[in-house]
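[1] no sequence on this one, just coordinates:
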């Protein structure tokens with residue numbers, strides 16, 4: 001008989017296991033976590049609101065019992081297995097009063113043969129109970145039992161290192177401490193005589209891209225004769241093979257394709273997905289069916305000596321195309337994973353694509369994400385850098401822990417390896433960096449794994465042996481990186497591997513204008529904080545008269561978990577922007593504008609170093625971070641409620657296929673070698689363009705300058721009128737003196753530069769507006785007219801619903817933010833834009849209606865000064 005799967009998702013109840021007075025209550029949903037269930041019954045307040053996080057800490061130090069009952073399957077002669085996709089974390093499972101399983105890892109799916117444990121009376125229900133002990137307290141005891149290990153970490157309690165639980169649950173510098181437990185992934189009962197225990201494949205696309213091979217393998221549990229493999233595309237079967245199962249329970253076959261349909265990251269090509277189906281057959285009767293989607297692509301991480309720069313490249317080549325990987329870091333999108341729906345995952349990934357991001361990095365302190373996340377990335381063409389779940393600490397390496405890690409690695413590689421979006425596995429997040437900071441033992445010339453176990457940094461054994469062997473065996477075609485950051489003499493070496501550039505905000509806390517000098521071969525982390533939207537602030541500051549609705553309130557401070565955040569935000573704000581704390585809406589705007597200016601400077605600077613073949617001095621920039629797990633202030637470019645900050649739009653502009661870069665330089669030239677009084681200060685502006693398309697672009701160049709004092713516009717002359725932008729690289733265009741700079745330095749510091757690229761027909765291809773910095777010294781125009789019109793289809797509004805907003809101004813405007821008051825359904829394609837006189841900026845928008853002119857609200861820098 002065919003395998004049958006019965007979801008065990010009904011009738012679940014829970015109670016506090018260590019309280020005799022506690023009574024069973026129905027769960028809020030399934031899968032679930034204890035906080036969701038307690039919240040559902042009003043037994044705890046919402047930890048996302050106010051300071052309720054503190055109030056619910058007791059939950060993580062108690063034991064909790066989940067219980068349900070289910071009927072016997074209708075197939076008594078078959079093998080019966082209970083499958084637990086994820087139990088968080090230290091669980092004891094009883095079936096009909098007998099212990100059948102004990103777990104120690106949130107990340108390992110478990111299967112238990114219960115054929116002989118089910119009720120012998122078909123009329124009697126089987127009782128399934130799962131007791132979750134406090135993983136926090138277990139971790140504390142494990143630390144006490146191993147005093148010789150150096151238990152140190154950044155973020156959270158060091159006891160998190162001892163347990164295989166999502167590390168961010170212990171609190172991070174962007175999220176709360178909420179120590180969950182519960183059946184966080186599905187539970188099911190399977191019955192079968194034989195099943196496909198694993199379906200895998202290895203794809204090989206030849207260098208010419210003209211042919212491809214798919215080696216498909218099915219591993220069989222039980223007795224069966226053969227496996228029928230089929231490949232379908234767009235609902236049509238394109239290949240079929242029937243293979244005999246060998247004596248080891250393996251069936252394998254190779255498919256060959258001519259002129260294969262290849263999978264590309266978005267903006268480089270399509271994302272065709274094929275379906276591999278394996279049907280297990282015994283005496284012509286199907287026993288089991290397993291399916292995996294896949295995409296055919298050729299991926300290589302290219303590391304070779306750079307031509308004009310000391311160092312080695314680190315870039316991804318997909319189907320022979322070098323890819324500049326602009327993108328962001330992904331953290332879990334909620335503190336309580338089961339309430340993230342498939343739709344919400346798709347919404348997050350869609351927003352990344354809409355902001356022109358090519359890559360997301362699944363950060364190593366969260367979880368191996370749900371299939372819905374990777375499915376969305378497969379379908380939308382987003383590359384994934386996948387960390388293993390180790391972050392910011394010195395993990396132990398005793399035999400029991402290593403065994404858990406080995407099982408975790410094998411399980412999750414098998415679970416994820418079919419996704420074409422995953423192009424790299426990395427061993428950890430910042431663990432080598434932690435090792436260096438704490439001066440732990442690490443000798444790169446020591447190649448004896450046994451000696452690593454005896455060192456003060458024993459987790460090296462995990463990253464360089466266990467995970468390296470697991471990836472080599474199970475996904476040999478996917479590059480494995482020991483950690484992130486990793487490479488060179490230290491993890492901060494910008495010439496080899498990847499780096500995390502935190503000398504802006506953390507570290508030396510340099511001005512963000514220094515990003516051009518802080519690049520690396522691949523920058524996997526950098527960022528700046530900004531407050532969330534007012535609507536999200538209101539979500540955790542409920543009540544119109546809430547006394548903490550002001551910028552420096554204790555509640556707003558509580559919802560920013562970064563050490564020293566008050567001083568650091570103030571420092572970067574004070575260095576760059578004239579701002580005010582009141583009203584709160586204005587302060588939020590100012591922090592978001594500062595964040596946007598920072599990250600756009602970084603992307604612009606890093607992309608400039610993508611110089612073409614042999615000169616890939618920077619091949620990727622992943623901002624920290626895309627998303628949030630709760631409502632608060634962080635480095636996220638979109639807040640917990642999927643509301644975009646101004647930095648989201650800034651990144652979208654900087655990651656367009658064709659962009660302009662502008663950077664000012666100042667040089668003081670003395671009249672002779674002795675004088676201090678007689679000097680000439682020259683202000684110049686370097687200009688370059690980045691063409692990430694695969695076609696050469698012939699462009700026409702226009703540059704204007706605007707004197708903020710007189711509002712006079714001047715065309716910058718003496719520059720090349722036309723130029724050719726070679727494909728997939730940056731091109732230096734010109735370096736011109738800012739009008740008036742030699743005569744009056746103050747004039748240059750009050751001059752705005754606007755640059756444009758057009759094609760032969762006059763169509764604008766790219767624009768950039770460069771302001772003097774710091775912005776706090778700029779004399780913003782005190783009066784001027786901003787003209788806002790609703791337009792449809794690129795023309796003046798007709799009887800159709802408006803589809804865009806036309807912006808123009810008779811003075812220079814910095815960071816113009818649009819909002820449609822009372823209508824959150826209106827989604828703007830761009831926001832926080834700069835506008836200069838003589839141009840019309842069109843911002844597309846969804847959800848506008850005729851008459852919405854009166855609902856449009858704007859903010860811009862200097863407004864109301």
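    The structure has been received and is ready for your questions. In this text the structure is predicted, and so the values were computed from the model without any measurement.
[2] give me the low-pLDDT residue ranges for the stretch 651-800 of the chain?
    Counting by pLDDT under 70, the stretch 651-800 of the chain contains low-confidence residues at 742-745, 793-800.
[3] can you give me the helices in it?
    For the stretch 651-800 of the chain, the helices defined by DSSP state H, counting those that start in this stretch cover 745-748.
[4] gap between the residue most central in space within the chain and residue 831?
    Nearest residue to the geometric centre of the chain (CA atoms, centre = their mean): residue 330, 2.1 Å. Distance of residue 330 to residue 831, computed by CB to CB, to the nearest Å: 22 Å. Where you see a C-beta, it was placed from the backbone N, CA and C, and this is true even at glycine.
[5] quick one, strands of the stretch 501-650 of the chain?
    With strands called from DSSP state E, counting those that start in this stretch, the stretch 501-650 of the chain shows them at 523-525, 620-623.
[6] Now do the closest residue to residue 727 other than its chain neighbours against residue 580, distance only.
    Spatial nearest neighbour of residue 727, excluding adjacent residues (CB to CB, 6 or more residues apart in numbering): residue 694 at 5.0 Å. Noted for residue 694: a distance of 47 Å to residue 580, by CB to CB.
[7] do the same with residue 860
    Distance from residue 860 to residue 580, by CB to CB: 14 Å.
[8] quick one, which of these two is more surrounded?
    Taking other CB atoms under 10 Å, residue 860 and residue 580 do not tie; residue 860 has more neighbours (21 against 12).
[9] Please name the nearest non-neighbouring residue to that one.
    Nearest one to residue 860, counting by CB to CB, 6+ apart, is residue 816 at 4.5 Å.
[10] Tell me if I am right that that neighbour is in a helix.
    No. Going by DSSP: H, G, I helix; E, B strand; the rest coil, the assignment for residue 816 is strand, not a helix.
[11] list the contacts for it?
    786, 807, 832, 833, 834, 835, 858, 859, 860 (CB atoms under 8 Å, 6 or more residues apart in numbering).
[12] Just the pLDDT for the fourth one.
    At residue 833, the pLDDT value in this model is 98.
[13] partner residues bridging it?
    residue 816 (DSSP bridges).
[14] same question, residue 787
    Under DSSP bridges, the beta-bridge partners of residue 787 are residue 808.
[15] what's the answer for residue 105, then?
    Assessed by DSSP bridges, residue 105 has beta-bridge partners residue 164.
[16] same deal with residue 691?
    Residues in beta-bridge contact with residue 691 (DSSP bridges): residue 658, residue 729.
[17] Number of residues surrounding it?
    A count of nearby residues for residue 691, using other CB under 10 Å, gives 24.
[18] residue contacts, it?
    Applying CB under 8 Å, 6+ apart to residue 691 gives the contacts 657, 658, 697, 725, 726, 727, 728, 729, 730, 731.
[19] Show the buried residues in the residues you listed.
    Among those, those buried by neighbour count (16 or more other CB atoms under 10 Å) are 657, 697, 725, 728, 729, 730, 731.
[20] From residue 730, how far off is the second one?
    Spatial separation of residue 697 from residue 730 under the definition CB to CB is 12 Å.
[21] can you redo the buried ones among the contacts of residue 691 as CSV with distance to residue 367?
    Shown next, in CSV, are these (distance: CB to CB, whole Å):
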residue, distance to residue 367
657, 33
697, 42
725, 42
728, 35
729, 37
730, 37
731, 42
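[22] Closest to residue 823 out of those residues?
    residue 657 (31.2 Å; CB to CB).
[23] Quick check, the closest one in contact with residue 694.
    No. With contact defined as CB atoms under 8 Å, residue 657 does not count as touching residue 694 (9.4 Å).
[24] quick one, helices of the stretch 201-350 of the chain?
    Here the stretch 201-350 of the chain has its helices, by DSSP H, counting those that start in this stretch, at 342-354.
[25] The residue nearest to the centre of the chain pairs with what?
    Bridge pairing for residue 330 - DSSP bridges - gives residue 362.
[26] residues contacting it?
    348, 360, 361, 362, 363, 366, 369, 625, 626, 627.
[27] 7 Å instead?
    Under the criterion of CB atoms under 7 Å, 6 or more residues apart in numbering, the neighbours of residue 330 are 360, 361, 362, 363, 626, 627.
[28] still on that earlier bit, the strands of the stretch 501-650 of the chain: which one's closest to residue 718?
    The closest of those to residue 718 is strand 620-623. By CB to CB, the value is 32.7 Å.
[29] before we move on, the earlier item: and the contacts of residue 816, which two are the farthest apart?
    Maximum pairwise distance in those, criterion CB to CB, is 14.4 Å, between 786 and 832.
[30] neighbour-wise, which of those two wins?
    When residue 786 and residue 832 are compared for neighbours, residue 832 comes out ahead with 27 against 15, by other CB under 10 Å.
[31] so who does the more buried one touch?
    Counting by CB under 7 Å, 6+ apart, residue 832 has contacts 593, 596, 646, 649, 650, 815, 816, 817.
[32] State the number of residues packed around the residue nearest to it when sequence neighbours are not counted.
    Counting by CB to CB, 6+ apart, residue 832 lies nearest to residue 646, which is 3.8 Å off, once chain neighbours are set aside. The local packing of residue 646 (other CB under 10 Å) involves 26 other residues.
[33] Please report how far residue 27 lies from residue 505.
    41 Å.
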